[in-house]
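**Student:** Dropping the sequence and predicted coords here.
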2 protein chains.
Amino acid sequence: MVTMRDVAERANVSIATVSFVLNGTKRVAPETRTRIEAAIEELGYRRNVVARALASSRTRILALLHPDLEARPNATVIQFVMSAAHGARERGYDLVLWPVNGDEQMSHLLAGGLVDGALLMEVQIHDPRVDRLIASRLPFALIGRTEDEDLPFVDIDFVTTIDQALAHLRSYGHRRVALVTQRTKAPSGHEPGRIMRVESAYRDAMAALGEPPAVITVAGTSAGGREAARALAEDAPEATAVILVNEGASAGLVKGSRELGRSVPGDLSVISASTTAELGEMIEPSLTVMAAPAPQLGRLGVNALIDQLEGVQDALPHILIPCTLVPGQSVGPARPS
Amino acid sequence: MVTMRDVAERANVSIATVSFVLNGTKRVAPETRTRIEAAIEELGYRRNVVARALASSRTRILALLHPDLEARPNATVIQFVMSAAHGARERGYDLVLWPVNGDEQMSHLLAGGLVDGALLMEVQIHDPRVDRLIASRLPFALIGRTEDEDLPFVDIDFVTTIDQALAHLRSYGHRRVALVTQRTKAPSGHEPGRIMRVESAYRDAMAALGEPPAVITVAGTSAGGREAARALAEDAPEATAVILVNEGASAGLVKGSRELGRSVPGDLSVISASTTAELGEMIEPSLTVMAAPAPQLGRLGVNALIDQLEGVQDALPHILIPCTLVPGQSVGPARPS
DNA sequence: CTGAAAGCGCTTACAG
DNA sequence: CTGAAAGCGCTTACAG
């Protein structure tokens, strides 16, 4: 292994000077710099990141705290992960996967000194991980929000997303629009913040329109989607359209409706929000989708975190981006009532 | 920050002794050990992983070299990633995401000293990443295989998978079965090994059955699936069933067939191999699937790598696991010809 | 502009 | 069974 010492010897300087040119931390005479750069090149030298981390107490490693992804459709989560990995790499950081199941994982994260900061996905309304991060003073950024919106976050703008979905449906004559959200195994208060925010955005919008709301909550699976179809038919038969914020249930909802003799979009128009167009295309008919800004949010989250670490930030980042409408074939004119 | 020195002082021993009990590397008198453990507990000490890595030249970090995942369905890849992350954590290792796009990323990996080993996904028949890993002597394990099967790998047993899929179809009376595989942007020889292996397993099996093969290669997208449906109808009209090894094209194939007036499974039976049951359920009709053993393979791959690092291995691991048949509604009796 | 030296927090022969 | 000390490969005040 070629070390900084080797480079220093070949260039006839001290290792300190080598370090200065490598990091650009101090000015170095042009000839000296050239000599060092030549030596680096000739020896194929690459700085040892572990030694650097120990000496500088900065590892340039970030943790990505993510939920356990299951086999069910997870297109948006994948986009978060991938865009975060790329964003980190572009700024010279590495991203380590940190599946958090309990306290043991958090201790390893906080006390081991491996990471400079953490990026949290699937943030809960009241998130114990956030409490522990704050207590330990490890820098972090959220993809999503807790109750406390003073923390650095990037998130989907659900208010605008719901408003646009409703506007789209209303342009087709729909007035009674139901909402299908996701049920999780998490105890109350620990659901992803998204679920609460979507529901309240929907209720506000419906109230403003003077229409009665109808909210159905089901698991994020095909079976959940079928359950939603049944609940719609039985409990909200007057709804001619539905906004779905439940990626995993979208296929089941359409299949279940058809099984109940309700065609999409003939009898029921469907918009699936916070998902990807590719997933919508898998379904028959292709779903009209509000595509999640996941590719942007992963990057923005990483950048918010790194800015914080490097002291670049002016203020705490509070970034909200709405989903984008991608029309498919699942929205049609409201059936006359 | 509480260091080993703090623990040593409180327990009235040297830091060497603390290190010995922490690592179990040398026997320590029971009373001494108890004293040290108490001190660790009281101080809430946790070993600094960076210092440990520098001193021991083992970082206990593994790199997961993965392709760029796009928005299209990627259920099996996700299962690989998640099970690898869990497997690593269970053995005390961390997993860092390593999207490899070019040589720059490989250099960073090989020379930076950050990782003890690498796990490769989407291995190509001739994979330049493998060449570089071998040259650099960084330990690695493959999820998939290159041409050279002497390297440590875990992979799907495509021969058995294809045989079982064919047997299932033949039990429904199908004799002419086509294969749909995936086209990639990669130059020839650099496709994922899977594609070549699936095709040759299929050709061998069809030859053994005395039936003519028909192979169609399309992109892993909905549009690709539609293209496959068209090609099947035009170029292989005698095929009454198709085995699909192209997760992203599955939905498009079914939708495209229907658009051409061919119903599934009435006119065409479909088995989607190397995917997940959950994805199959999203489609109408629910696809009969050969579920990929992705949750096992991620773990097995990590374990193979760690065994190698820790010298536990007896021999190079060459592990093959077939997919598992999960019946759906996309296979029916062959139409009379 | 450059260097000698301390130090980051551990592990690990080597002595005793 | 335990300790003193060298060393892992860097960064960073401090001197000059």
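**Tutor:** Cool, the structure landed.

**Student:** Which strands or helices does the helix or strand bottoming out on mean pLDDT in chain A pack on?
**Tutor:** Least confident element among the helices and strands of chain A, by mean pLDDT, DSSP states H and E: helix A:103-111 (a mean of 81). Applying 3 or more CB pairs under 8 Å, 6 or more residues apart in numbering or on different chains; DSSP states H and E, one finds that helix A:103-111 contacts strand A:94-99, helix A:128-136. For every residue, glycine as well, the C-beta is placed using N, CA and C.

**Student:** in that helix, what counts as buried?
**Tutor:** Neighbour counts over helix A:103-111 (16 or more other CB atoms under 10 Å in any protein chain shown) mark A:105, A:106, A:108, A:109, A:110, A:111 as buried.

**Student:** any idea which helix or strand comes after it?
**Tutor:** The element immediately downstream of helix A:103-111 (helix or strand, assigned by DSSP states H and E) is strand A:117-120.

**Student:** I'd like to know which elements that following strand is packed against.
**Tutor:** strand A:61-66, helix A:128-136, strand A:140-143, helix A:294-309.

**Student:** for DNA strand C, what are the nearby residues on the stretch 1-150 of chain A?
**Tutor:** Contact residues, the stretch 1-150 of chain A versus DNA strand C (CB under 7 Å from any atom of the strand): A:12-17, A:20, A:26-29, A:31-33, A:51, A:54-55, A:57.

**Student:** Now name the helix or strand holding residue A:199.
**Tutor:** Using DSSP H and E, residue A:199 maps to helix A:193-209.

**Student:** Past that helix, which element shows up next along the chain?
**Tutor:** Next along the chain after helix A:193-209, with elements defined by DSSP H and E, is strand A:215-218.

**Student:** sorry, back to before: near DNA strand D, from the residues of the stretch 1-150 of chain A next to DNA strand C?
**Tutor:** Applying CB under 7 Å from any atom of the strand to those, those adjacent to DNA strand D are A:15, A:16, A:20, A:51, A:54, A:55.

**Student:** Farthest pair within those residues?
**Tutor:** A:20 and A:54 (18.6 Å; CB to CB).

**Student:** ok so, going back, so for residue B:75, which of the helices and strands packed on helix A:103-111 sits nearest?
**Tutor:** Minimum separation from residue B:75 across those (CB to CB) falls at strand A:94-99, 17.4 Å.

**Student:** Tell me what angle that closest one forms with helix A:103-111.
**Tutor:** 160 degrees (axes from the mean of the first three to the mean of the last three CA atoms, to 10 degrees).

**Student:** hmm, strand A:94-99 touching chain B?
**Tutor:** Yes: residues of strand A:94-99 contacting chain B under CB under 8 Å from any CB of the partner chain: A:94, A:95, A:96, A:97, A:98, A:99.

**Student:** re earlier: which one among the buried residues of helix A:103-111 gets closest to residue B:264?
**Tutor:** For the buried residues of helix A:103-111, the minimum distance to residue B:264 (CB to CB) is 44.0 Å, reached by residue A:105.

**Student:** what's the domain layout of chain A?
**Tutor:** A:4-47, A:61-156+A:294-321, A:158-292 (automatic domain parsing).

**Student:** Looking at the stretch 151-300 of chain A, which residue is nearest DNA strand D?
**Tutor:** residue A:152 (23.8 Å; CB to the nearest atom of the strand).

**Student:** One more: the stretch 101-250 of chain A?
**Tutor:** For the stretch 101-250 of chain A, CB to the nearest atom of the strand, closest residue to DNA strand D: residue A:116, 12.8 Å.

**Student:** My guess is that residue contacts residue A:309. True?
**Tutor:** Yes: under the criterion of CB atoms under 8 Å, residue A:116 makes contact with residue A:309 at 5.5 Å.

**Student:** neighbour count winner among these two?
**Tutor:** Between residue A:116 and residue A:309, residue A:116 has the larger neighbour count (other CB atoms under 10 Å in any protein chain shown), namely 21 against 18.

**Student:** Now name the helix or strand holding the residue nearest to residue A:297 when sequence neighbours are not counted.
**Tutor:** The spatial neighbour of residue A:297 that comes closest, neighbours along the chain excluded (CB to CB, 6 or more residues apart in numbering or on different chains), is residue A:154 at 5.0 Å. Secondary-structure assignment from DSSP H and E places residue A:154 in strand A:153-156.

**Student:** Quick check: phi and psi on the residue lying closest to residue A:296 once chain neighbours are set aside?
**Tutor:** Taking CB to CB, 6+ apart, and ignoring the residues beside it in sequence, residue A:296 has residue A:321 as its nearest neighbour in space, at 6.0 Å. When quoted as degrees, to the nearest 10, the phi and psi of residue A:321 stand at phi -130, psi 130.

**Student:** Please name the residues that touch residue A:321.
**Tutor:** Going by CB atoms under 8 Å, 6 or more residues apart in numbering or on different chains, residue A:321 touches A:154, A:155, A:156, A:157, A:293, A:296, A:297, A:300.

**Student:** I'd like these written out as JSON lines, with neighbour count, pLDDT and distance to DNA strand C added.
**Tutor:** Below are the contacts of residue A:321 laid out as JSON lines (neighbours: other CB atoms under 10 Å in any protein chain shown; pLDDT from 0 to 100; distance: CB to the nearest atom of the strand, whole Å):
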{"residue": "A:154", "neighbour count": "27", "pLDDT": "95", "distance to DNA strand C": "32"}
{"residue": "A:155", "neighbour count": "22", "pLDDT": "95", "distance to DNA strand C": "35"}
{"residue": "A:156", "neighbour count": "26", "pLDDT": "96", "distance to DNA strand C": "40"}
{"residue": "A:157", "neighbour count": "17", "pLDDT": "97", "distance to DNA strand C": "42"}
{"residue": "A:293", "neighbour count": "24", "pLDDT": "96", "distance to DNA strand C": "40"}
{"residue": "A:296", "neighbour count": "16", "pLDDT": "94", "distance to DNA strand C": "37"}
{"residue": "A:297", "neighbour count": "25", "pLDDT": "94", "distance to DNA strand C": "35"}
{"residue": "A:300", "neighbour count": "22", "pLDDT": "95", "distance to DNA strand C": "32"}
